[in-house]
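In: Below is the sequence, then the predicted model.
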Amino acid sequence: MNVFKAVKENVTPMDAARFYGIKINRRGMCSCPFHNDKNPSMKIDAKIGGGFYCFGCQEAGDVIDLVAKLRGVGKYEAAKILAGDFDITYEDSCGKSVTEISEEEKERIKKRQDDKEFAERKRDLCQLILKVMSEMREEKFLAEERAMKVLEDDETYIWVINRLDRIEDDYEYILDHTDAKLKGVIDDIEKGVMAYAGEFIEIRNRSKRAS
Ligand SMILES: [Zn+2]
């Protein structure tokens, strides 16, 4: 069945008129969209194969003519629009079954595709980030390891990193506590710091002489 026949046998003029926004009263009359109509003067049929007729401007036709005139398109285009909007399957000139897709359905399909593509793009980007980040961390780790090997031979460096935390803790302890509290422990702290300071000077001199 070709598109014209398929549409005419499936859609009433009234269904089409309503679908495209025409208000129809109980007597099947509406204001004519094709002339400046103050009182409803267009009759629209509610039956399959029916038509429309305007008592004002004499515009008339079947369901396809109605949509062609409303949309300002040819009959073939109008029939395809109706087939799409009313989900009507027809046969093309080669006898192949065709299901027209309406603009709204096309948009929904496109949105689904866009969403899917975006999700894939995001997934790929996250995978790339994780891969690059992991390689960068690995590189950083190896670089630090290489540097540490050089520094391991540096006696002063090793001494400093082993004691810096402790001396920093001592300093924080002093800042965080009241004089009353510190009075009991200041001797110990002082003894420790003096020992560090002495060792530090000694070790620095030794490495200066060595270099
Ligand atoms: Zn009219």
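Out: Looks like it came in fine.
In: Could you list the buried residues of stretch 46-65?
Out: 50, 51, 52, 53, 54, 56, 59, 62, 63, 64, 65 (16 or more other CB atoms under 10 Å). Just so you know, the C-beta spots here come from the backbone N, C-alpha and C atoms, and that holds for glycine as well.
In: I'm curious whether it, anywhere along its length, sits up against the ion.
Out: Yes: judged by CB under 5 Å from the ion, stretch 46-65 and the ion are in contact via 54, 56, 57, 59.
In: Would you mind listing what in this structure touches the ion?
Out: Counting by CB under 5 Å from the ion, the residues of the chain that sit close to the ion are 32, 34, 35, 54, 56, 57, 59.
In: thought the third one was touching residue 54?
Out: Read it as residue 35. Yes: counting by CB atoms under 8 Å, residue 54 is a contact partner of residue 35 at 7.0 Å.
In: What residue spans form the domains of the chain?
Out: 3-100, 101-151, 154-211 (automatic domain parsing).
In: Save those domains as CSV, and put in mean pLDDT too.
Out: Conversion of the domains of the chain to CSV gives the following (pLDDT from 0 to 100):
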stretch, mean pLDDT
domain 3-100, 93
domain 101-151, 82
domain 154-211, 83
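In: and these, which is most packed in?
Out: domain 3-100 (a mean of 17; mean count of other CB atoms under 10 Å).
In: Next, the distance between the ends of stretch 25-36.
Out: Distance across stretch 25-36, first residue to last, is 18 Å (CA to CA, to the nearest Å).
In: How far away from the center of its chain is that stretch?
Out: Centroid displacement of stretch 25-36 relative to its chain, using CA atoms, centre = their mean, to the nearest Å, is 45 Å.
In: Checking residue 113 next. Helix, strand or coil?
Out: helix (DSSP: H, G, I helix; E, B strand; the rest coil).
In: how near is it to the ion?
Out: Distance, residue 113 to the ion, using CB to the ion, to the nearest Å: 43 Å.
In: For that residue, which residues are in contact?
Out: Applying CB atoms under 8 Å, 6 or more residues apart in numbering to residue 113 gives no contacts.
In: What separation do you get for it and residue 99?
Out: 18 Å (CB to CB, to the nearest Å).
In: swap in residue 39?
Out: 40 Å.
In: Which stretches in this protein count as helices?
Out: Using DSSP state H, the helices assigned to the chain run over residues 3-8, 13-19, 63-71, 75-85, 103-152, 155-176, 179-210.
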